[in-house]
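1. Dropping the sequence and predicted coords here.
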Amino acid sequence: MDLAVVELSRLQFALTAMYHFLFVPLTLGLSFMLVIMESIYVMTGRQIWRTITRFWATIFGINFVLGVATGITMEFEFGTNWSYFSHYVGDIFGAPLAIEGLMAFFLEATFVGLMFFGWDKLSKLAHLGVTFMVALGSNLSALWILVANGWMQNPVGSAFNPETMRMEIVNFQEVIFNPVAQAKFVHTVSAGYVLASVVVLGISAFYLLKERHRAFAIRSFTVAAAFGLASSLSVVVLGDESGYALTDNQKMKLAALEAMWETEAAPAGLTLFGLPNLEDRQTHAEFKVPYVLGLIATRSIDRPVEGILDLVAVAESRIESGVIAYDAVETLKTDPTNLAAREQFERHKRDLGYALLLKRYTDDPREADAAMISTAAWDTVPDVPVMFWSFRIMAGIGFLMIAFFATAFILASMRRHETRWFLRLAVAIIPLPWIAAELGWVLAEVGRQPWAIEGVLPTFLGASSLTVPQLWTTIAGFTLFYGVLAVIEVGLILHTVKKGPYARSEDQHPADEPVGPVPMAAE
């Protein structure tokens with residue numbers, strides 16, 4: 001496989017995936033915020049809450065359409081750019097994606113039309129039920145996609161079949177309840193709730209700074225402050241659970257994001273700052289907080305956390321074991337009834353994927369020498385500086401969000417919504433949760449390298465037989481197309497914000513726009 005083709009295929013998928021993920025978290029978060037806002041409308045009967053719900057539903061709709069368009073492209077890329085990946089693990093990886101389409105996306109797509117066009121045709125309670133179904137569908141969609149992605153990180157419930165030369169499901173329940181997938185789901189969804197809260201609060205702050213739509217903005221501000229505070233706290237708690245899941249399933253990823261070359265004796269400390277150096281394989285100028293990494297990674301103060309050097313040594317042993325499994329598979333190809341080869345395969349099948357790492361250096365892993373095995377073992381180390389800094393920037397933004405929403409909640413509780421320094425901050429801070437969300441995916445996907453499927457299929461073996469010109473052409477085409485979509489998305493949202501919540505004449509209720517302070521307690 002031409003490595004230029006592999007890297008360009010990775011670049012194209014990264015561009016489409018990260019662009020798609022600009023829309024996903026906002027859709028997830030806004031969907032349940034709409035449920036909250038419309039629930040208040042149903043309970044109070046106040047027309048302003050209908051206006052609030054319809055305005056944010058418009059933002060949701062714009063984002064939903066772009067998310068669907070970009071998501072469809074990604075699914076096609078598994079066939080066009082990663083055909084061997086699809087062949088090798090398609091029976092497993094394709095199942096959650098199929099369920100996502102049949103269960104979650106169809107549910108969401110069915111009810112989204114009723115949500116937008118059923119305001120005057122459905123009762124208040126029925127329309128609230130429709131809005132809830134849209135939110136449920138959005139979040140179920142994320143669940144099944146993250147079940148598929150979680151399986152790539154921790155391929156449980158599956159086994160290699162030497163008769164078909166493919167990975168096959170042996171326990172679908174394990175695939176669904178994969179601890180990595182469950183941790184990724186709750187963490188990702190909570191991050192989406194934070195992002196949506198920042199957008200709602202930021203746009204509300206903009207209106208308050210411009211002294212427009214005060215009643216609308218103050219109520220939206222209050223909902224976003226409460227929802228955002230709960231969500232930002234849950235992101236940190238559930239992020240801790242994701243860290244714990246790495247300890248048993250992706251030890252190299254954990255060591256890389258900590259730039260931890262040597263095994264850290266208990267109680268392991270968390271590195272707040274350091275300068276990872278790939279040349280001497282050390283992290284300089286480290287500043288550590290004692291005990292914290294041990295508590296996060298092992299839930300104890302008496303268990304060590306393995307470092308990169310020791311994990312590379314483990315990888316060498318697994319490659320050697322995998323070569324034995326590879327030899328057994330080659331024997332079974334020609335003699336499926338060979339019981340000795342079958343027994344040999346069963347003893348070493350867990351490490352077959354590690355032998356495939358040698359395919360980068362030799363056509364037959366059985367011919368690899370010690371130098372090749374050592375080099376392949378070091379290939380299991382992801383880009384340490386990228387992992388180290390991505391995690392710290394993401395985590396820093398996460399803790400900043402807690403402080404931000406705590407301040408917003410206090411101001412809302414004190415009826416000081418129009419504190420101007422905070423309103424300016426709320427507008428300026430809007431891009432930060434997107435940066436954190438994208439860095440989260442960098443951690444997940446770069447941290448898994450060199451694997452397409454952790455410990456099973458190296459990334460360089462999964463690509464299609466494309467050419468470099470073909471890939472550059474599609475990358476340029478996608479970049480141009482997505483650039484146009486980005487301009488349309490931003491333009492539509494800005495146009496919606498400029499028009500304001502009272503663009504519909506039937507939503508104009510001057511009584512809901514008091515000149516003086518808004519009596520929130522009366523609501």
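-> Received the coordinates, thanks.
2. CA only for contacts and neighbour counts going forward, please
-> Noted.
3. For this structure, which segments are assigned as strands?
-> Under the criterion DSSP state E, the chain contains strands at 158-161, 166-169, 270-277, 282-289, 451-453, 457-458.
4. Could you export the worst-scoring helix or strand of the chain on mean pLDDT as PDB, CA atoms only?
-> Confidence across the helices and strands of the chain bottoms out at helix 292-298, with a mean of 74, counting by mean pLDDT, DSSP states H and E. What follows is helix 292-298, C-alpha atoms only, in PDB (Å, rounded to 0.1, in the frame of the first residue of the first chain):
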ATOM      1  CA  VAL A 292      -4.400  12.700  40.700                       C
ATOM      2  CA  LEU A 293      -3.500  10.500  37.700                       C
ATOM      3  CA  GLY A 294      -3.600   7.400  39.900                       C
ATOM      4  CA  LEU A 295      -7.000   8.300  41.200                       C
ATOM      5  CA  ILE A 296      -8.300   9.000  37.600                       C
ATOM      6  CA  ALA A 297      -6.700   6.000  35.900                       C
ATOM      7  CA  THR A 298      -6.800   3.300  38.500                       C
END
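5. ok now the lengthiest helix in the chain, how far from the chain's centre?
-> The helix of greatest length in the chain, counted in residues with DSSP state H as the criterion, is given as helix 214-249. Using Cα atoms, centre = their mean, to the nearest Å, the distance from the centre of helix 214-249 to the centre of the chain it belongs to is 15 Å.
6. hmm, who's touching the least confident helix or strand of the chain?
-> Contacts with helix 292-298, where a contact means Cα atoms under 8 Å, 6 or more residues apart in numbering, come from 240-241, 243-247, 266-270, 300-305.
7. what separates that helix from the chain centre, distance-wise?
-> Taking the mean C-alpha point of helix 292-298 and that of its whole chain, the gap between them comes to 22 Å (Cα atoms, centre = their mean).
8. do stretch 143-152 as well
-> When distances are taken as Cα atoms, centre = their mean, stretch 143-152 is centred 10 Å away from the chain's centroid.
9. Give me the buried positions along it.
-> Neighbour counts using 16 or more other Cα atoms under 10 Å place Leu143, Trp144, Ile145, Leu146, Val147, Ala148, Asn149, Gly150, Trp151, Met152 of stretch 143-152 among the buried residues.
10. just curious, which of these is nearest to Val194?
-> The shortest distance between Val194 and any of the buried residues of stretch 143-152, using Cα to Cα, involves Leu143 and amounts to 17.5 Å.
11. give me every residue that touches Met133.
-> Applying Cα under 8 Å, 6+ apart, we find Met133 in contact with Leu107, Glu108, Phe111.
12. Could you rerun that using 7 Å?
-> Under the criterion of Cα atoms under 7 Å, 6 or more residues apart in numbering, the neighbours of Met133 are Glu108, Phe111.
13. Over to the one 10 residues further on?
-> For Leu143, the contact set (Cα under 7 Å, 6+ apart) comprises Phe185.
14. all helices for the stretch 401-523 of the chain, in order.
-> Taking DSSP state H, counting those that start in this stretch to define them, one finds helices in the stretch 401-523 of the chain at 420-428, 432-446, 468-499.
15. just so I know, which of those helices lies nearest Thr362?
-> Put simply, out of the helices of the stretch 401-523 of the chain the one that sits nearest Thr362 is helix 468-499, at 22.5 Å, with distance taken as Cα to Cα.
16. quick one: buried residues of the closest one?
-> Across helix 468-499, burial judged by 16+ other Cα under 10 Å covers Leu471, Trp472, Ile475, Phe478, Thr479, Tyr482, Glu489, Leu492, Ile493, Thr496, Val497.
17. repeat for stretch 265-282
-> Ala266, Pro267, Ala268, Gly269, Leu270, Thr271, Phe273, Gly274, Pro276, Gln282.
18. ok, these vs Val427, which is closest?
-> Comparing the buried residues of stretch 265-282 against Val427 with Cα to Cα places Phe273 closest, at 29.1 Å.
19. Can you pull out the low-pLDDT segments for the stretch 1-150 of the chain?
-> Counting by pLDDT under 70, the stretch 1-150 of the chain contains low-confidence ranges at 1.
20. related to what we said a few turns ago, same list (the helices of the stretch 401-523 of the chain) but as JSON lines, adding distance to Asp383.
-> Output for those, formatted as JSON lines (distance: least, Cα to Cα, whole Å):
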{"stretch": "helix 420-428", "distance to Asp383": "31"}
{"stretch": "helix 432-446", "distance to Asp383": "7"}
{"stretch": "helix 468-499", "distance to Asp383": "23"}
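21. I'd like to know which of the ones you listed is closest to Gly157.
-> Shortest distance between Gly157 and the helices of the stretch 401-523 of the chain, using Cα to Cα, is found for helix 432-446: 20.5 Å.
22. what are the phi and psi angles of Arg299?
-> phi 60, psi 30 (degrees, to the nearest 10).
23. May I see the strands of the chain organised as CSV, with distance to Ala226 and mean pLDDT added?
-> Formatted as CSV, the strands of the chain follow (distance: least, Cα to Cα, whole Å; pLDDT from 0 to 100):
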stretch, distance to Ala226, mean pLDDT
strand 158-161, 42, 93
strand 166-169, 43, 93
strand 270-277, 29, 87
strand 282-289, 31, 85
strand 451-453, 39, 94
strand 457-458, 44, 96
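24. Please render the ones you listed as JSON lines that adds distance to Asn178 to the earlier fields.
-> Written out in JSON lines, the entries for those read as follows (distance: least, Cα to Cα, whole Å):
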{"stretch": "strand 158-161", "distance to Asn178": "12"}
{"stretch": "strand 166-169", "distance to Asn178": "13"}
{"stretch": "strand 270-277", "distance to Asn178": "27"}
{"stretch": "strand 282-289", "distance to Asn178": "31"}
{"stretch": "strand 451-453", "distance to Asn178": "14"}
{"stretch": "strand 457-458", "distance to Asn178": "19"}
